[in-house]
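Enquirer: predicted model and sequence follow; I will ask about them next.
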Amino acid sequence: VTRSITGTRLGSTWQARNIHGMSEKVQGGGARTTERRRPLRDVIAQCTRAWYVETQQEADAGDPEMMMLAAQMLATGYGCEVNQEKASQLMARAGVLLKEIEGEEAQQQMDTDKKT
């Protein structure tokens, strides 16, 4: 008996979707298991959480642009719990760092202008 399955092959496992929107895995021996797909909202929530975690790690490393993004995410609860206090602290810290960077760039420009 030959069975036609459309889908992708992952090692010795075939994965396909049946007419009920469920994912079916067919092992090399022909045994089938049926699993429900994860709801899209859960997938998106996981992705936004991972994005927040990565952004916060970069902010903790001192990147002022990532501090501003993490602050916005904290203020709105995008990928994390809303925390207005932490958002305000991060935004203030980012502002200080950005002013320092602007000051250094202005000083470098003045030094360049003096040399010419």
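Expert: Sure, I can see it.
Enquirer: and the pLDDT for Met68?
Expert: pLDDT recorded at Met68 is 96.
Enquirer: sorry, that was for Trp51
Expert: For Trp51, the predicted pLDDT is 97.
Enquirer: check which helices and strands the one helix or strand it maps to is in contact with.
Expert: Per DSSP states H and E, Trp51 falls inside helix 40-60. Here helix 40-60 touches helix 64-76, going by 3 or more CB pairs under 8 Å, 6 or more residues apart in numbering; DSSP states H and E. Just so you know, the C-beta spots here come from the backbone N, C-alpha and C atoms, and that holds for glycine as well.
Enquirer: for the helix it packs on, packing partners?
Expert: With contacts taken as 3+ CB pairs under 8 Å, 6+ apart, helix 64-76 sits against helix 40-60, helix 84-115.
Enquirer: tell me which residues are up against the helix holding Trp51.
Expert: The contact list for helix 40-60, computed with CB atoms under 8 Å, 6 or more residues apart in numbering, reads 66-67, 69-70, 73, 78-80, 90, 94.
Enquirer: flag the shaky bits of this protein, pLDDT-wise.
Expert: Low-confidence segments of the chain, defined by pLDDT under 70: 1-35.
Enquirer: do that again at 50, thanks
Expert: Scanning the chain for pLDDT under 50 picks out the ranges 1-14.
Enquirer: got the contact list for the nearest residue to Gly62 once chain neighbours are set aside?
Expert: If you skip the residues right next to it in sequence, Gly62 has Leu97 as its closest partner in space, 7.2 Å away by CB to CB, 6 or more residues apart in numbering. The neighbours of Leu97, taking CB under 8 Å, 6+ apart as the test, are 62, 64, 67.
Enquirer: out of the residues you listed, which end up buried?
Expert: Buried residues within the contacts of Leu97, counting neighbours by 16 or more other CB atoms under 10 Å: 64, 67.
Enquirer: just the contacts of Leu97 now: which is nearest Arg37?
Expert: Distance to Arg37 across those (CB to CB) is lowest for Met67, with 36.6 Å.
Enquirer: was I right to think that closest one contacts Ser88?
Expert: No - under the criterion of CB atoms under 8 Å, Met67 makes no contact with Ser88, lying 11.6 Å away.
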